[in-house]
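[1] Quick one, fold the following:
(2 chains)
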There are 2 protein chains.
Amino acid sequence: MKKLLFSVSFLALVPFFAFSETKGSFDFMFLNALGSSIALIFALILAVGILKKSPGTERMQEISKYIQEGAMAYLKQQYKIVGLFFILLFIILGFIAWILPLFVKGKPWLSGFVPFAFITGGFFSGLSGFIGMKVATKANCRTAQAASESLNSGLRVAFNSGTVMGMVVVGLGLLDISLWWILLRYVFMPLGIGIETIDEIPPIMITFGMGASSMALFARLGGGIYTKAADVGADLVGKVEAGIPEDDPRNPATIADNVGDNVGDVAGMGADLYESYVGSIIATMALGSIAALSLAGNEGDILKYIQLPAIIGVVGVICSIIGAFFVKAKDDASQKTLLAALRAGVYSSTVLIAIASFFIVWGLLGLKALGLWAAIMAGLIAGNVIGYFTEYFTSDNYRPTQNLAKTSLTGPATIIIGGLSLGMMSTAIPVITVVISMVCSYYFVGGGMMGLYGIGLAAVGMLSTLGITLATDAYGPVADNAGGIAEMAGLPAEVRKRTDALDSLGNTTAATGKGFAIGSAALTALALLAEYGNKIFEFKSLLPANSALISGNEILANILNPMILIGIFFGAVLPFVFSSMSMGAVGRAAQSMVEEVRRQFKEKPGIMDGKDKPDYARCVQISTIGAQKEMLVPSLLAIFSPIIIGIVFGPGTVLGLLAGATCSGFVLAVMMANAGGAWDNAKKYIEGGQFGGKKSDAHKAAVVGDTVGDPFKDTSGPCINILIKLMSMVSIVFVGTCIGLNTAIIKFLENLFR
Amino acid sequence: MKKLLFSVSFLALVPFFAFSETKGSFDFMFLNALGSSIALIFALILAVGILKKSPGTERMQEISKYIQEGAMAYLKQQYKIVGLFFILLFIILGFIAWILPLFVKGKPWLSGFVPFAFITGGFFSGLSGFIGMKVATKANCRTAQAASESLNSGLRVAFNSGTVMGMVVVGLGLLDISLWWILLRYVFMPLGIGIETIDEIPPIMITFGMGASSMALFARLGGGIYTKAADVGADLVGKVEAGIPEDDPRNPATIADNVGDNVGDVAGMGADLYESYVGSIIATMALGSIAALSLAGNEGDILKYIQLPAIIGVVGVICSIIGAFFVKAKDDASQKTLLAALRAGVYSSTVLIAIASFFIVWGLLGLKALGLWAAIMAGLIAGNVIGYFTEYFTSDNYRPTQNLAKTSLTGPATIIIGGLSLGMMSTAIPVITVVISMVCSYYFVGGGMMGLYGIGLAAVGMLSTLGITLATDAYGPVADNAGGIAEMAGLPAEVRKRTDALDSLGNTTAATGKGFAIGSAALTALALLAEYGNKIFEFKSLLPANSALISGNEILANILNPMILIGIFFGAVLPFVFSSMSMGAVGRAAQSMVEEVRRQFKEKPGIMDGKDKPDYARCVQISTIGAQKEMLVPSLLAIFSPIIIGIVFGPGTVLGLLAGATCSGFVLAVMMANAGGAWDNAKKYIEGGQFGGKKSDAHKAAVVGDTVGDPFKDTSGPCINILIKLMSMVSIVFVGTCIGLNTAIIKFLENLFR
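    Here you go, the predicted structure:
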């Protein structure tokens, strides 16, 4: 009750802040910095609380230490390679921003801040994942220990660890935004270095979005390859061939498997959602400045439109913190009540944000602007709808997954066909939902540039609850790890049962979280598409004189123009090629893991009797090397294809590319995520005793489905979300370069054939 | 040698015809009717030749009769249901074309000829499949008998049966086109009934394209569901569970399986390619009339542009017939020389067409128009490139499929992941090839409306060799059936070996054929997209006054306009939903087949010892009913979704829909076809003795892959090709209706909220 009062009184501050400043030109970015600090301090408090908990028996600590070391070794290796990539790109960007203008006349192709912004984005994105993982690897044994006390204690530790991650992501996101803002506006603008008006700030910020996305892609892809190679390797040899249970300490790949949960599902997801969060806010800020200019408002108005997305972010932080207090479970809780406990947190935050953002929009921009609030709501609601249907299609409480489980009776082929079919069918509703929320958010605010800003706000609205939805999402791998430690350390069966309950719940909330990530990716990509259009306009002086892309004050990307149409073709195919690469990578990395585990079983027959110790470190190393090696090519494809296509075919084709990639990538990502989730839960459903239960032929078939689903849902699927935004941001950052070089090529060819 | 001389002298006639008429206004459609007759007469001669061959032993004739009866029973049932659909649509079209104009003022939404054109398209498409299948079911036992004489004899009978199909498809296609042309131009135009100028003719013809596509979709989908349900059912229970070889007469589903080859791979493919062929020609004719008008030429010129695609078709007929004579094999032929024999036919036709079409374009439109010839070449070359890479990705002579076979060593999960990854990767080159051929054919002729006409000509060029490529494609199922009959009738092993060689070759040529079908589908769909744009323009008086779609003389479908963008989203998702439905349909139909075969084995244990006869008819019936039941919903989705989206969201969204569906459908179709083909051949590769050979675990895993691939490559994949064109044609036919109703809705809403 006390907490509730505290919450409400805190919320009351928000409209106060808002109203009190409508007339002035208070810079809300200071509020933003404050919100960021609150999030980070809250995370720190929670983290300290977790560390104070008992880490359990010596054996548990030992296992946890193995996992920590493996995870750190992986990250170290990853940051080394990614660091090289960032340095390389820093040099390229620096060359374009600083050296080229000395030789090429006219508007510079890149702002001079871009190389630095790129680096900070990557740094903070990586840091989010790093901190989240550090805490998660500390929390795993503590969750297991707490679960041996009571279910609620276990839930609290795991959930707090997830909350740390959620708060770090949003906190660092807001921090990066406010730091750059303050730096640019209050240091460089007054000095007149490289920037003149505030509406130039958001486009520079897009660059750190690009940095964050690059880092996120590496983290998600590398982590995804790592975790699935280890998982598939552990399962195929351990479970299927040797017939030992999951997380059995005799399995050499079991530590690597648990490390994988951390580097893939924690560090990877952290970097991923940092990217989503920051991407949605800065893309909308950039559109806000143009939308406000189109209204011909004064500087104060422009400021408000630019800053509204960030303010919504701050409100989200506060509401998420309040919501986190609502999460608790009774000790005799069933899975249903556990879910209700987590949902209580998410829903209360959602309602609070809905109310608070109403007052904020009203206070900031007046009653006329309430369409913007409706746009935010459109996103918030769409996120929940997609989340619900993701759960419907992937949870074994509903018909689709139950029916899928039944197809395992006729063998692996039918469950594969069934899962692919289910995944494809499940794409319809998210597409329709995104389309509706897009149309609504566009027209609620009157269409035009403002409408595109509305679409961006819908994405921001959808992600405004990220602090808490990510908490419910990131708690899953911690519970999963706790289960592994309980098994390996030989804790009583009831502890394992409790961690299993927590873990299984994590699968459901992860599905919902994925819905948000995918939906917001589509909306953000659309906002970025609009921003790309604006950027073309900005560089129109570089375009050939007869370009069909410009018509008066508008960019025309007519799909009846073959150059646009081929862009859509390229865009449609890229997610497929990318997924092919990432799935192939998982396959190859898993293959070497399978061979290694087989080798160990063969060379050390004592492992199975417990007489010999398996070489965990070797498996960790194999996954690490495999992931690093396989991560590079697909990432470079994502980053360089829009640049190359832009240089060769021009900006119109890139517009088509982005539209095509967003649509086809969205559909493919949903399909992969849901097919994978459904296979996973169909297997669990059978393990729960249906259709013959464990060890039946049906179960074997379901394991095949689950194994196919692993790279779907944890590697390729989530990476596509990043892919579509990263390509958009790369296009935006390199727009000047592409137009400049493309025009030069056209001129050269014209002279050649004259 | 005599034949060669004959060929060359025949070809010499073509430029003669062309040159002699440049100045006059000779109606080349009479030439078209002549070409059609040549094709049909050639088909008749071949068919009579096949019937004269010995049908083999009594047992062989008996089995062949079972297959014939099953196939006919299926077609009868199918035509009943499809007939009802056609009557229903005839009524709807009739209502719009004949009744509505009495009440709605202004330009009628549909031409009065449309309902009849719709019916004839469906009729001829169905007839193509019917005749092809009738001959194929007669040829199967005769091929088996001929193969017992020599390999070359077997090849000749099977190939001639395929050639009959090829000739019937192109012959009936040209027949339908020339019949309607002659009817409209020489009967209705002089009488002044419903038509005034010749440029109105091609758009009416699009309607029979829609009829043909509807029929093709039903035939492909129904046939595909039938054949795969029977195949999967026969394999899963017979091969895997009971351990009896393929085509064993003890398997109750074996006749259904062989029937399936005929109704799916022959009748379905015939209808499908009829649709592709006719679709490409009439779409290009329609663009030709507009392109010619944009040149402001006289009527004679317009005529030439309209008729050029049809003339290319006639040349294709003649060159295909010549090419067919080049196909023969020595008796000690290896698979390689067999392939060379078939290729000799295809390549000689290709070269002849390339030469002949050069003279035709030159003679008809002069040297300035040689860009049009280049466009035709762009299509012809692109078809061969896509065909080559399809083979590269799916044949076990190359690395990709060999590597895929290797993944079976680690079980079914890895070969599934590997196959999906291979399929996704294989989409890149076809996309790039289509894009290049599109850009080339557009710019070779100078861009603009003429450029779009060029894209259409590329599709026509790609399909101009259809007479012979279809022959090499349609001969496969005949060889397959012959093998089945040889097995069931207990012919000597060497006969089976020969039919196997023919069959395996058929898989390779089928892959190439699929490349042509998919590539041409993309190009045709693009041509139809352009035609749809023109149609919107035609109905611009019905559009709301402030429509953003019209700008001067152009249709503007700006992808930055959300209404266009949501269309792309809808378009991207539709092929997925459609594939989900069709794959689910196969799964369900296969399920009931599995249960039926299990039931028979259980209730009649004597079957396995040969003491009891399996009930073949019951399995045939189950497949028939299953296919019919499952065929309807996905087909209706394809036909009605563009209409509904058009009415609700307007024509701009439909433009986006068509662009999105073409791109996403193209990629998905290639992926499914190639993944399926690669799994099939990986299994065959292992059966050839690699990785443990038959009965090894690797082989079992490969069978799972093959089973998953079946609906991919023979049901969902090929249907998507039809789907994207059918949606385009439906949109074109209903454009007036959609714009009219959409505008009415907008007006109603405006009045409501005023």
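[2] Okay, helices next: where are they in the stretch 651-754 of chain A?
    A:651-687, A:697-711, A:717-733, A:735-753 (DSSP state H, counting those that start in this stretch).
[3] Is there contact, residue-wise, from the longest one to chain B?
    Yes: looking at helix A:651-687 against chain B by Cβ under 8 Å from any Cβ of the partner chain, the contacts come from A:655, A:656, A:659, A:660, A:663, A:664, A:666, A:667, A:671. In this view, the C-beta of every residue, glycine as well, is placed from N, C-alpha and C.
[4] How far off centre is that helix?
    14 Å (Cα atoms, centre = their mean, to the nearest Å).
[5] Next: stretch A:626-634.
    Per Cα atoms, centre = their mean, the centroid offset for stretch A:626-634 relative to its chain is 19 Å.
[6] Any residues of the stretch 151-300 of chain A in contact with chain B? List them.
    A:232, A:236, A:240.
[7] Now do the contacts for the first one.
    Spelled out, it's residue A:232. Going by Cβ atoms under 8 Å, 6 or more residues apart in numbering or on different chains, residue A:232 touches A:586, A:590, A:593, A:594, A:707, A:710, B:413, B:414.
[8] and what of the last one?
    Taking Cβ under 8 Å, 6+ apart as the criterion, residue A:240 is in contact with A:700, A:703, B:411.
[9] I'd guessed the first one sits against residue A:415; true?
    Yep, that's residue A:700 we're talking about. No: contact criterion Cβ atoms under 8 Å: residue A:700 and residue A:415 do not qualify, at 10.2 Å.
[10] Between the two, which has more neighbouring residues?
    residue A:415 (32 against 19; other Cβ atoms under 10 Å in any protein chain shown).
[11] circling back: which of the residues of the stretch 151-300 of chain A next to chain B sits closest to chain B?
    residue A:236 (6.3 Å; Cβ to the nearest Cβ).
[12] in a strand, that's where that closest one is, yeah?
    No: under DSSP: H, G, I helix; E, B strand; the rest coil, residue A:236 sits outside any strand and is assigned helix.
[13] Can you flag the buried ones in the contacts of residue A:232?
    Using 16 or more other Cβ atoms under 10 Å in any protein chain shown as the burial test, the contacts of residue A:232 include A:586, A:590, A:593, A:594, A:707, A:710, B:413, B:414 as buried.
[14] Which single one of the residues of the stretch 151-300 of chain A next to chain B is nearest to residue A:344?
    Taking Cβ to Cβ as the measure, residue A:344 lies nearest residue A:232 of those, at 36.0 Å.
[15] Tell me which helix or strand the closest one sits in.
    helix A:201-233 (DSSP states H and E).
[16] That helix: which residues count as buried?
    A:201-233.
[17] for the stretch 401-550 of chain A, what spans make up the strands?
    For the stretch 401-550 of chain A, the strands defined by DSSP state E, counting those that start in this stretch occupy A:550-551.
[18] Give me every residue in it lying close to chain B.
    Contact residues (Cβ under 8 Å from any Cβ) of the stretch 401-550 of chain A with chain B: A:407, A:410-414, A:416-418, A:420-425, A:427-428, A:431, A:434-435, A:438-439, A:442, A:447, A:451-452, A:455, A:526, A:529-530, A:533.
[19] for chain A, which spans come out with low pLDDT?
    Counting by pLDDT under 70, chain A contains low-confidence residues at A:1-25, A:296-300, A:331-333.
[20] Tell me what angle the helix ranked longest in chain A forms with helix A:735-753.
    The residue-count maximum for a helix in chain A (DSSP state H) belongs to helix A:493-538. For helix A:493-538 against helix A:735-753, the angle by axes from the mean of the first three to the mean of the last three Cα atoms, to 10 degrees is 50 degrees.
[21] tilt between helix A:493-538 and helix A:717-733?
    Using the same axes, to 10 degrees: helix A:493-538 against helix A:717-733 is 20 degrees.
[22] starting at the chain centroid, how far to helix A:493-538?
    Using Cα atoms, centre = their mean, the offset of helix A:493-538 from its chain centre is 6 Å.
[23] what residues are up against residue A:575?
    Residue A:575 sits next to A:661, A:664, A:665, A:668, A:669, A:720, A:723, A:724 when contact means Cβ under 8 Å, 6+ apart.
[24] in which helix or strand would I find residue A:59?
    Using DSSP H and E, residue A:59 maps to helix A:58-94.
[25] Specify the angle between the following helix or strand past that helix and helix A:58-94 in degrees.
    Sequence order places helix A:114-149 as the next helix or strand after helix A:58-94, per DSSP H and E. On the basis of the same axes, to 10 degrees, helix A:114-149 is oriented at 170 degrees to helix A:58-94.
[26] In helix A:114-149, which residues are buried?
    If you call a residue buried by 16+ other Cβ under 10 Å, then helix A:114-149 has these buried ones: A:114-148.
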